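Participant: any chance you could fold what I've pasted below:
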Amino acid sequence: MTKARTNADNASADIQGVTAGTGLTGGGTSGTVTVAIDSTVATLTGSQTLTNKTVTAPIFVSPEERWTTSATTATGTINFDAVTQGALYYTSNASGNWTLNVRGDSGTTLNSILATGDTITVAFLVTNGGTAYYQTGFQVDGSAVTPKWSGGTAPASGNASSIDVYSFTIIKTANATFTVLGAGPIKYA
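Facilitator: Below you'll find the model as predicted:
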């Protein structure tokens with residue numbers, strides 16, 4: 001015959017208290033106990049900045065890059081804001097040679113968003129009309145940097161009646177020190 005359990009029998013099986021651990025708040029030892037997630041825990045609906053996290057061997061399938069198209073004429077110093085774009089395309093015919101200045105954005109330096117050893121690759125596309133212009137200078141955060149050009153020679157001309165593409169891989173080697181690998185102009189007509 002089975003003996004019926006009494007409250008005295010169940011007392012030893014009851015939870016004696018709830019203590020909130022790391023990332024949780026609340027708890028208690030009697031009544032209704034509430035436990036909540038605090039701001040140190042990443043949630044699906046919250047907005048958190050993750051730091052010191054490691055991702056091992058990620059595989060990217062068709063990653064998307066931000067692209068800016070502008071009916072602007074290339075000439076003078078052109079600011080490339082790496083925070084908001086990976087490629088910049090000027091669709092109006094260039095009116096003079098230019099210098100490309102890569103920065104974070106108008107209020108942020110590229111130096112401040114890259115750690116030593118970090119690399120970023122950007123592309124600048126420029127439309128040339130009947131007169132071909134080309135890039136004659138390169139800057140990071142407003143300071144001149146001489147790229148190491150593919151083939152060993154800096155460009156000395158652009159291509160008329162085409163879209164010229166320049167690409168730059170910028171490697172931060174120390175604080176405010178960069179090695180830049182440049183390629184272009186590659187003609188598309």
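
Participant: so residue 92 bridges to which residues?
Facilitator: According to DSSP bridges, residue 73 are recorded as the beta-bridge partners of residue 92.

Participant: pretty sure it sits against residue 125.
Facilitator: No - counting by Cβ atoms under 8 Å, residue 92 does not reach residue 125; the two are 11.9 Å apart. C-beta coordinates here come from the backbone N, C-alpha and C atoms, glycine included.

Participant: which of those two has more neighbours?
Facilitator: residue 125 (21 against 13; other Cβ atoms under 10 Å).

Participant: ok, and the closest non-adjacent residue to that one?
Facilitator: Nearest non-adjacent residue to residue 125, counting by Cβ to Cβ, 6 or more residues apart in numbering: residue 89, 4.1 Å away.

Participant: on the three-state scheme, that neighbour is what?
Facilitator: Assigned with DSSP: H, G, I helix; E, B strand; the rest coil, residue 89 falls in the strand class.

Participant: in a helix, residue 111, correct?
Facilitator: Yes - assessed with three-state DSSP, residue 111 lies in a helix.

Participant: nearest residue to it in space, please, no chain neighbours.
Facilitator: Leaving out its chain neighbours, the residue that sits closest to residue 111 by Cβ to Cβ, 6+ apart is residue 176, at 4.9 Å.
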